[in-house]
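> structure of the sequence below:
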Amino acid sequence: MRANSLIELDREHLIHPVVSWSGHEKRGATVLQSAKGVMLTDSEGRELIDGFSGLWCVNVGYGHESIVEAAAEQMRRLPYATGYFHFSSEPAIRLAAGIAELAPGDLNHVYFTLGGSDAVDSAVRFIRYFYNVTGRPTKKHMIALQRGYHGSSTVGAGLTALPVFHDGFDAPMPIQHHIASPYPYRNPNGSDDASVIASSVAALRDKVEELGAENVAAFFVEPVQGSGGVIVPPDGWLKAMREACRELDILFVADEVITGFGRTGPLFGCEHDGVVPDLMTVAKGLTSGYSPMGAVLLSDTIYRAIADNAPAGKPIGHGFTYSAHPVSAAVGLEVLRLYTEGGILANGQRSGAHFTQRLQAMESHPLVGDVRVRGLLAGVELVTDKQKRLKPTADLKVAEHLSRLGYEKGLIFRAFADDIVGFAPPLVCTIEEIDLLVDRFEAVLDGLLEIPDIRGALAA
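Model (predicted):
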């Protein structure tokens, strides 16, 4: 089918996530046709470096035949197996065991979902159940960070703290609350590590005191905030927040949907601070986007409390038709092998160090106010006045220009609406591919400077 026909069919029938529906009808889709390694090819034959791993997820890159073969073999042998009625399948069992072996601390129990949003929803349900069966039914309120992202489901969207996921959707719920993001570049209490950590801990304590500790169930946090602009907290921040939760008697939930599976360097983002959460949500890199899957990991303490306190013989009423899907589990097993035995995790760490150096060298660019990187996860914040840290005004339409120029230069990244550029290149990137990516991004920024209104807005 010709690309033009596909674009018309897309306009007429396919609803896209997180876009203006009428705006998409006018623009039309960019149809992707094929991919290999870190390169994508669209329907017009243009090659693009995928500097965003699809949607933070294709960690191992495109075109791994071993993953395709694992999925095909599982489809031939057992394409579906329900997890209901005590049934199971070998790949699901082995994947759960493999994740538990690699996860921090005692996160030894795995409930599989279809992705990140329903992993967050599942975590919320397990937390509510945990407190109800252990005799603390008033603990219902949950706290997250401003600029945080925890999915776009009915429950998760309220924990998310980005306005577009609230506006018109009656979110957040009255039992969902937010405290300030650490955001070192724009923290009003000071950008040094100690000030950022102290202000966040104080904000959490104040919010729990306001609500009453007997009413607060959990704190949800990303080790690095992704969709909120790639906010990288200082070393020790996550550990301090985890310890505060322990002292306040609230559960600490690490949302590792983006940061898990090597994205920030170690296999899990929590490892950077040596933190073991009570619950952890994962997805994206779990199958590297080759097949839908997510998971909630529960600590021994949480799992045992639910198992031992639930009414005897009564089912715990939470489940999905496709939980622990054997084909996705087979994909996940092979992806996990590629991270470890295949050397992709180690390659990501090497490439991440070079990526950090190259991006930090761009801080001298006239438009770059802040560069924040952890592993192969980065945010570059653009400003028109470095001294005052002024953001470009809305009329300059910087995000629109970034997207257009990125496509022209053969580079895919995330152009956030508030003039932050997000990167999450595949862990398989070579040093040469990292150089090509950053060179093309520099060309994009130089292209912005060629726009008279943008150049004229720069401080003298």
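> what's in contact with stretch 67-86?
If you take C-beta atoms under 8 Å, 6 or more residues apart in numbering as the criterion, stretch 67-86 is touched by 60, 87-89, 91-92, 112, 288, 290-291, 319, 321, 323-327, 329-331, 333-335, 338. In this view, the C-beta of every residue, glycine as well, is placed from N, C-alpha and C.
> can you tell me which of the residues you listed are in strands?
Phe112 (DSSP state E).
> from the contacts of stretch 67-86, which land in helices?
Mapping the contacts of stretch 67-86 onto helices (DSSP state H) picks out 91-92, 326-327, 329-331, 333-335, 338.
> quick one: those residues as CSV, columns for pLDDT too.
As requested, those are exported to CSV (pLDDT from 0 to 100):
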residue, pLDDT
Pro91, 98
Ala92, 98
Pro326, 98
Val327, 98
Ala329, 98
Ala330, 98
Val331, 98
Leu333, 98
Glu334, 98
Val335, 98
Leu338, 98
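> drop anything exposed from those residues.
Among the ones in helices among the contacts of stretch 67-86, those classed as buried by 16 or more other C-beta atoms under 10 Å are 91-92, 326-327, 329-331, 333-335, 338.
> got these as JSON lines, with distance to Arg27 columns?
What follows is these, written out as JSON lines (distance: C-beta to C-beta, whole Å):
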{"residue": "Pro91", "distance to Arg27": "40"}
{"residue": "Ala92", "distance to Arg27": "40"}
{"residue": "Pro326", "distance to Arg27": "39"}
{"residue": "Val327", "distance to Arg27": "34"}
{"residue": "Ala329", "distance to Arg27": "37"}
{"residue": "Ala330", "distance to Arg27": "37"}
{"residue": "Val331", "distance to Arg27": "32"}
{"residue": "Leu333", "distance to Arg27": "39"}
{"residue": "Glu334", "distance to Arg27": "37"}
{"residue": "Val335", "distance to Arg27": "33"}
{"residue": "Leu338", "distance to Arg27": "36"}
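> closest to Arg404 out of those?
For those, the residue nearest Arg404 by C-beta to C-beta is Val335; the value is 33.4 Å.
> excluding chain neighbours, what is closest to that closest one?
Ser288 (4.8 Å; C-beta to C-beta, 6 or more residues apart in numbering).
> and the gap between that neighbour and Leu382?
30 Å (C-beta to C-beta, to the nearest Å).
> quick one: contacts for Leu32?
Leu32 is in contact with 40-43, counting by C-beta under 8 Å, 6+ apart.
> out of those, which is most surrounded?
Within the contacts of Leu32, neighbour counts (other C-beta atoms under 10 Å) peak at Leu40, which reaches 21 neighbours.
> is it in a helix, a strand, or coil?
Here Leu40 is strand, with the state taken from DSSP: H, G, I helix; E, B strand; the rest coil.
> now Val296
Secondary structure, three-state DSSP: Val296 is strand.
> in this model Met280 seems to touch it, though I could be wrong.
Yes - using C-beta atoms under 8 Å, Val296 is in contact with Met280, at 7.3 Å.
> out of the buried ones among the ones in helices among the contacts of stretch 67-86, which is nearest to Leu162?
Using C-beta to C-beta, Val335 comes nearest to Leu162 of those, at 28.4 Å.
> just the pLDDT for the nearest residue to Leu436 once chain neighbours are set aside.
Computed as C-beta to C-beta, 6+ apart, the closest residue to Leu436 that is not its neighbour in sequence is Ile49, at 6.4 Å. Among the per-residue scores, Ile49 shows a pLDDT of 98.
> go through the strand or helix carrying Ile49 and flag the buried ones.
For Ile49, the element it lies in under DSSP states H and E is strand 47-50. Judged by neighbour count using 16+ other C-beta under 10 Å, the buried positions of strand 47-50 are 48-50.
> so what touches the helix or strand just after that strand?
Going down the chain from strand 47-50, the next helix or strand is helix 53-56, by DSSP H and E. For helix 53-56, the surrounding residues in contact (C-beta under 8 Å, 6+ apart) are 59, 226, 258, 263, 284-285, 289, 377, 424-426.
> check the residues you listed against Leu145 and report the nearest one.
Nearest to Leu145 among these, counting by C-beta to C-beta, is Gly226 at 11.6 Å.
> number of nearby residues for the residue nearest to Val335?
By other C-beta under 10 Å, the residues close to Ser288 number 29.
> give me the pLDDT value at it.
The model reports Ser288 with a pLDDT of 98.
> can you tell me how far it sits from Gly61?
Relative to Gly61, and taking C-beta to C-beta, Ser288 is found at 8 Å.
> again with Ile420
The gap separating Ile420 from Gly61 is 25 Å, by C-beta to C-beta.
> and for Leu78?
For Leu78, the distance to Gly61 - C-beta to C-beta - is 28 Å.
> where does the stretch 301-450 of the chain dip in pLDDT?
Judged against pLDDT under 70, the stretch 301-450 of the chain has no low-scoring part.
> can we see that at 90?
Applying pLDDT under 90 to the stretch 301-450 of the chain picks out residues 417.
> could you pull out the strands in the stretch 351-460 of the chain for me?
Along the stretch 351-460 of the chain, counting by DSSP state E, counting those that start in this stretch, strands occupy 368-374, 377-382, 411-412, 414-415, 420-423.
> list the contacts of the first one.
Around strand 368-374, the neighbours that count as contacts under C-beta under 8 Å, 6+ apart are 184-185, 224, 230-232, 264-265, 269, 272, 352, 355-356, 359-360, 362-363, 378-383, 386, 389, 445.
> which one is Val31 nearest to, not counting chain neighbours?
Closest to Val31 by C-beta to C-beta, 6+ apart is Ser43, at 4.0 Å.
> what distance do you get for the one you found to Pro292?
Per C-beta to C-beta, Ser43 is found 24 Å from Pro292.
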